[in-house]
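S.K.: Okay, predicted coordinates and the sequence, questions at the end:
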Amino acid sequence: MHLEVRQNQDVVILDLKGKLTAGFGDQLLREAIDELLAEDKKHVVINLSEVAFLDSAGLGELVAGLRTALIEERRGDLVRQITRKMLSYALGRRLEYYDEATVRQIIQQVESDDRRLQTLIQAIVACDAFQSKQVNFGVR
């Protein structure tokens, strides 16, 4: 497979030619997509008009590239939702408007530590809302 990268204004176009199959072609596409995402390219078109054959590995690489791009684009939303869900679970209640400052503080800690799950859990356990939580063990 042959891959050419060109740019038209703010759109990067990957022109693929030949066969996109397991082995060399899929790896080449993966590396190109990873490089573009690392460069924070937001508008990418993959031109398959001259691809003569596409096997399951090639299709898998296209799907994986799309998934990676969507996750990169929406990573902030994902971190926010996971933080909100885990904090709600830890507190044993729905989050209220007054919890938003805590959510923002936890997200800031998680983002500063490369979005590690361990940091999220530690930040939730250390937050004032969790520390001051009333626990009812059903004793009357």
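M.R.: Happy to help now that I have it.
S.K.: Buried by neighbour count: which residues of stretch 124-133 qualify?
M.R.: 124, 127, 129 (16 or more other C-beta atoms under 10 Å). Placement of C-beta: from N, CA and C, glycine included.
S.K.: The last one is in what secondary structure piece?
M.R.: This points to Ala129. Assessed by DSSP states H and E, Ala129 sits inside helix 128-131.
S.K.: can you check the first one too?
M.R.: Secondary structure assigned from DSSP H and E places Ile124 in helix 117-126.
S.K.: Going by contacts, tell me the helices and strands next to that helix.
M.R.: Counting contacts by 3 or more C-beta pairs under 8 Å, 6 or more residues apart in numbering; DSSP states H and E, helix 117-126 packs against helix 56-91, helix 100-112.
S.K.: elements contacting the first one?
M.R.: Here helix 56-91 touches strand 11-20, helix 24-38, strand 44-54, helix 100-112, helix 117-126, helix 128-131, going by 3+ C-beta pairs under 8 Å, 6+ apart.
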